[in-house]
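Enquirer: Whatever this is, show me its structure:
(2 chains)
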Amino acid sequence: MSQATNGAVMAAEAESREFLVFSLGDEEYAIDILKVQEIRGYENVTRIANAPDFIKGVTNLRGVIVPIVDLRIKFHLENVEYGGQTVVIVVNVADRIVGIVVDGVSDVMTLTPEQIKPAPEFGVTLSSDFLSGLGSLDDRMLVLVDIDKLLTSEEMALVDSTSNR
Amino acid sequence: MDIADFFDTFFEEAEELLADMEQHLLELDVDNPDSEQLNAIFRAAHSIKGGAGTFGFSVLQKTTHIFENLLDHARKGELTLRADLVDTFLEAKDIMHEQLDAYRNEEAPDQEAYERICQTLQQIALEEIGQTLEAPAATPAPLFKEEEPAMEEPAEPAGETAENQLVVALLNVNDKDRALLVEELEQLGEVQAQSGDEKRYEVILQGDISADAIEAVMCFIIEPEQIEIKASESTPATAPAASAPPVEAAPSVQAPAESTAKASAPAAGASKEAAAKPKKAAAESSSIRVSVDKVDQIINLVGELIITQSMLDQTVSDLDDQSVGNSSLQNGMSLLQRNARDLQEAVMSIRMIPMEFVFSRFPRVVRDTAGKLGKEIELVTEGKSTELDKSLVERITDPLTHLVRNSLDHGIEMPDEREALGKPRTGKLILSARHQGGNILIEVRDDGAGMDRDRLLAKARENGLAVSDTMTDEEVYQLIFAPGFSTAKEVTDVSGRGVGMDVVKRNIQGMGGRVEIQSKKGEGTNTRIVLPLTLAILDGMSIKVGGETFILPLSTVLESLQPTKDDMYAMAGDDVVLKVRDEYLPVIAIHEVLDVENAITDPTRSIAVIVQGEGRRYAMLVDELIGQQQVVVKNLEDNYRKVPGISAATILGDGSVALILDITGLHRLSRVKKEAGKIVNNQHLSFYKEAEPS
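Expert: Just a heads-up that it's a prediction; the model follows:
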């Protein structure tokens, strides 16, 4: 390998990012792994009255009260069930800790900038504002979610719009 | 409590503020200064000044005052920053730190350094802005008026400051600079005679000035080597020849730092220093400053431990006596339980301290401030035993000090004025603290002039704030929290710069609280600080509705009873009231308001808990009372948002989360729901935006 190509590979590696891939129904989504704090099971969630239905409630994460959001309900998926496979990904966004319920976590993928394609304009369920792109990996397509933007958006009703936090 | 108890607090706070200041100064981009950063530096100086004033650390107070003045110009854009100015600011910060250390060790601060930095800063003001800074006194004093109070300090270096005659010789100074220097000298003292040529020009100066002071001024124009200062030949003590080396009685100040260190330290300092040292060591060992995060972490871990312990306890009690050696296991378990509870209690108690800790520092503040302003003020404190989380107590002190000073300065009128208005000559300032509606309410009330809506609006327009005449009184009063907003006619030592209220609001918001102002012109102002119960401990009553557990603050619970059908009355619409001993109380059915499923819907089969919130009573329908317990209050807003009807959350023994109910919030929520007629369908409450993008 020549010096030049070696450098190019290094650069590509430096720019490539790691994503945590999870499934919602039959679709595969991915979020930046640096946002992920931990992965745990779905249990012991206390309901919060008068909250939107996709906010399942709050749970105790080692003494910290963490809201739990079910992305399956948010994205209007059918067959929302809670079982042994149901997983909560605990993410750190905007100085907050939020748990998101997904059907399962499959693996961690490294994507190079070439593998990340811009997201097309989407429908109403998931605005393309909340996507950082589409990742193509062989014959798989990963929807790359900008979890920061999604969870702090007004429609998620997770953040007080009046408080500037 | 003795005022000395607060010295350490002040020292620690001031040290943090100085560290902050340094960091901001270092980060400051001189070409394009961030106004937030300048404000932060300014606020730090302001806070230190306030504290130093309270404790009577006059040298520190004066230094910070001058520094603050200069920063004020900088943040207003009147002073263009340069790297060397920032260096000077950093030097000023270092000197303040030295002064702080000196006070901490009960020594007199370094007089020479103080004078030097004051003059350096004054000089910057003179050169960069072309004006002298106003002195702390109300009258615009001449440039070096600052010296006089400083001279009264006990550590006055002997021989340097007496009323004397000095011969100031300027070596190799050209005409232009010389004229400037002579002008400066005229401000320092009385110039009796001047003569000489460019090579050596002598000025005879009469006055109460130190050689260092002269040196410090002149250094900005010429090099130190070009100055020679000695006692006048007419002074009998010494009669040196012009070319002779400087005489000790009036030392040459070519090495300013060293010379005074020598002059002041050995005589007065030595014995004192020796005495102060062991004292300091003792003070250091009496307390440890631990970050709140660490304490929080311990509390969380202990909470986890308790939960694990109760799980184990459950398992052990299920075992019963089936296996051998079980009794010793159970003994061990009960011991573990007791130890764990003790540990929890001990850890909790680290954080809780009574408000007295804060309040007891105010009599002095009020006395001094009132004396300075010439006002007569009586201070009343209420609710001193209200316990508050330590982190909140620490952080509430500064805002409260600002509010109290503000009330004294702007609120309460002069005695004569009060008499003319038909009020008692002595103004009244009330400080109170109490728990209310899941919050801690701290009030600063005065019976002074109240706020003038029109004047606030006029001032706001002057400051270029967007205001309109249709704003509510509350909105208008909130204007005083805008940065740089002050209606005081002149900047005084006490307040009036508008920075105080800015700090107040920031600090309180930083604690997750809010400030409300109630005011009536001519009758007084009530500033209310509402703080959340973050991490406070709450005596709670756990209740069950459907399958869900909630916590009611025990302080709100009056009694509970089984309602009978005869006592329930339907009112217009679907309001229901419950008659309890000739009183009709609005009924709030928790399961309706909070949409709990599988709850008891028949009121006569449920339990009515009579609760009180914000002075009103309600009957809450619940399924079951579980019992009383102490709970750790966890803020919901840290990671989520404010939830109507819920003040906070807590973690139960089984590790699950229970919500703490907010009585008045629940009542408001039930009203909103009833008005919307949507008790059944909860998806369209006005509290929440539509879940779906439309």
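
Enquirer: Helix or strand for the residue of chain B found nearest chain A, just tell me which one.
Expert: With Cβ to the nearest Cβ, the shortest gap between chain B and chain A falls at B:N300, namely 3.1 Å. The C-beta positions use only the backbone N, C-alpha and C, and glycine is treated the same way. For B:N300, the element it lies in under DSSP states H and E is helix B:292-319.

Enquirer: what do you get for A:N44?
Expert: Per DSSP H and E: A:N44 is located in neither a helix nor a strand.

Enquirer: Can you give me the pLDDT of it?
Expert: Here, the pLDDT recorded for A:N44 equals 81.

Enquirer: what's around the closest residue to it other than its chain neighbours, how many residues?
Expert: With sequence-adjacent residues excluded and distances taken as Cβ to Cβ, 6 or more residues apart in numbering or on different chains, A:N44 is closest to B:S656, at 4.7 Å. Counted with other Cβ atoms under 10 Å in any protein chain shown, the neighbours of B:S656 add up to 17.

Enquirer: now stretch B:383-390, how far from the centre of its chain.
Expert: Offset of stretch B:383-390 from its chain centre (Cα atoms, centre = their mean, to the nearest Å): 17 Å.

Enquirer: avg pLDDT for it?
Expert: Average pLDDT, stretch B:383-390: 82.

Enquirer: Name the residues that touch that stretch?
Expert: Contacts to stretch B:383-390, defined as Cβ atoms under 8 Å, 6 or more residues apart in numbering or on different chains, come from residues B:292, B:350-356, B:359-360, B:396, B:432-435, B:440, B:531, B:534-536.

Enquirer: thinking again about what came up before, quick one, what contacts the residue of chain B closest to chain A?
Expert: Applying Cβ under 8 Å, 6+ apart, the residues near B:N300 are A:R62, A:G63, A:V64.

Enquirer: what's the spacing between it and B:D389?
Expert: Applying Cβ to Cβ, to the nearest Å, the value for B:N300 to B:D389 is 15 Å.

Enquirer: now stretch B:449-461: mean pLDDT?
Expert: Average pLDDT, stretch B:449-461: 83.

Enquirer: Let me know how buried A:V101 is, in neighbour terms.
Expert: A:V101, neighbours per other Cβ under 10 Å, totals 23.

Enquirer: pLDDT at the residue nearest to A:N44, what is it?
Expert: 85.

Enquirer: From what I see, it and A:E43 are in contact.
Expert: No - contact criterion Cβ atoms under 8 Å: B:S656 and A:E43 do not qualify, at 9.1 Å.

Enquirer: any residues in contact with both of those two?
Expert: A:T59.

Enquirer: about what we covered before: now intersect the contacts of stretch B:383-390 with the helices, please.
Expert: Using DSSP state H to define helices, the subset of these located there is B:V292, B:I350, B:R351, B:E356, B:F359, B:I396.

Enquirer: Weed out the non-buried ones from those.
Expert: For the ones in helices among the contacts of stretch B:383-390, a burial check counting by 16 or more other Cβ atoms under 10 Å in any protein chain shown picks out B:R351, B:E356, B:F359, B:I396.

Enquirer: Pull the number of nearby residues for the closest residue to the second one other than its chain neighbours.
Expert: Leaving aside its chain neighbours, B:E356 sits nearest to B:K384 (4.1 Å; criterion: Cβ to Cβ, 6+ apart). Around B:K384 there are 15 other residues, counting by other Cβ under 10 Å.

Enquirer: same question, the one 5 residues further on
Expert: Number of residues near B:D389 (other Cβ under 10 Å) recorded here: 25.

Enquirer: Ok, B:H73 next?
Expert: If you count neighbours by other Cβ under 10 Å, B:H73 ends up with 17.

Enquirer: contacting residues for it?
Expert: Here B:H73 is in contact with B:L79, B:A125, B:E128, B:I129 (criterion: Cβ under 8 Å, 6+ apart).

Enquirer: what pairs with the residue nearest in space to the middle of chain A across the strands?
Expert: Centroid-nearest residue in chain A, with Cα atoms, centre = their mean: A:I31, separated by 4.4 Å. Listed by DSSP bridges, the beta-bridge partners for A:I31 are A:L20.

Enquirer: Contacts only, for it.
Expert: Contact analysis of A:I31 by Cβ under 8 Å, 6+ apart lists A:F19, A:L20, A:F22, A:I89, A:V91, A:L144, A:V145, A:I147.

Enquirer: just B:M471 next, same as before
Expert: The contact partners of B:M471, taken as Cβ under 8 Å, 6+ apart, are B:L457.

Enquirer: would you say it is within a strand?
Expert: No - according to DSSP: H, G, I helix; E, B strand; the rest coil, B:M471 belongs to no strand; its state is coil.

Enquirer: Mind picking the two most distant members of the contacts of B:H73?
Expert: Using Cβ to Cβ, the two most remote members of the contacts of B:H73 are B:L79 and B:A125, lying 7.8 Å apart.
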